[in-house]
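S.K.: sharing a model prediction with you, sequence too.
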Amino acid sequence: MMYIKHLIHLLFGLYTAMLFVRIALSWFPSLYRYRITHFILFYTDPYLNIFRKLIPPIGGMLDLSPLLGFFCLRLLESFVMRFL
C-alpha cells in the first residue's frame, strides 16, 4: 500500500511539474516546434481549459487558470491520499 501512495504522489508531482513547464513554454513560443513541447501541451491543455472557461485570460494576456489548476490538483491529491 505504501508503494501505491508513493507512486500516486510521484504522478501528481510529475503532472505539477508539467504544468510549470507549460507556463514557462508560454513565454517562449519558439520552443513550440519541438516534440516534447507538443507532448506537454497535449497533456496539460485539456486540464487547463477546464479552468480557462471559469477564469478567462485577463486582457487576453494574463492567464490565471494555472493557479486554480494547481489548487485543484493539490486538493485532488490530498483527497486520493486520504482515501487510500
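M.R.: Done, it's in.
S.K.: all contacts plus neighbour counts: C-alpha atoms, from now on.
M.R.: Will do.
S.K.: what's the first-to-last distance across stretch 27-45?
M.R.: End-to-end distance of stretch 27-45 (CA to CA, to the nearest Å): 15 Å.
S.K.: mind listing what's buried in it?
M.R.: Using 16 or more other CA atoms under 10 Å as the test for burial, stretch 27-45 gives Ile40, Leu41, Thr44.
S.K.: try stretch 48-60
M.R.: Here stretch 48-60 shows Leu48, Phe51, Arg52 as buried, counting by 16+ other CA under 10 Å.
S.K.: now intersect these with the helices, please.
M.R.: Per DSSP state H, helices hold the following members of these: Leu48, Phe51, Arg52.
S.K.: quick revisit: what's the closest of the buried residues of stretch 27-45 to Arg74?
M.R.: Arg74 lies nearest to Thr44 out of those, by CA to CA, at 15.2 Å.
S.K.: for the record, mean pLDDT for the longest helix belonging to the chain?
M.R.: Using DSSP H, we find that the single longest helix of the chain is helix 2-25. What helix 2-25 shows for mean pLDDT is 96.
S.K.: list the contacts of it.
M.R.: Leu31, Tyr32, Thr37, Ile40, Leu41, Thr44, Pro66, Phe70, Leu73, Glu77, Met81, Leu84 (CA atoms under 8 Å, 6 or more residues apart in numbering).
S.K.: repeat for stretch 55-66
M.R.: Here stretch 55-66 has contacts from Leu19, Ile23, Leu48, Asn49, Phe51, Arg52, Leu54, using CA under 8 Å, 6+ apart.
S.K.: in CSV, list these along with distance to Ile4.
M.R.: Listed next are these as CSV, based on distance: CA to CA, whole Å:
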residue, distance to Ile4
Leu19, 23
Ile23, 29
Leu48, 26
Asn49, 29
Phe51, 28
Arg52, 32
Leu54, 33
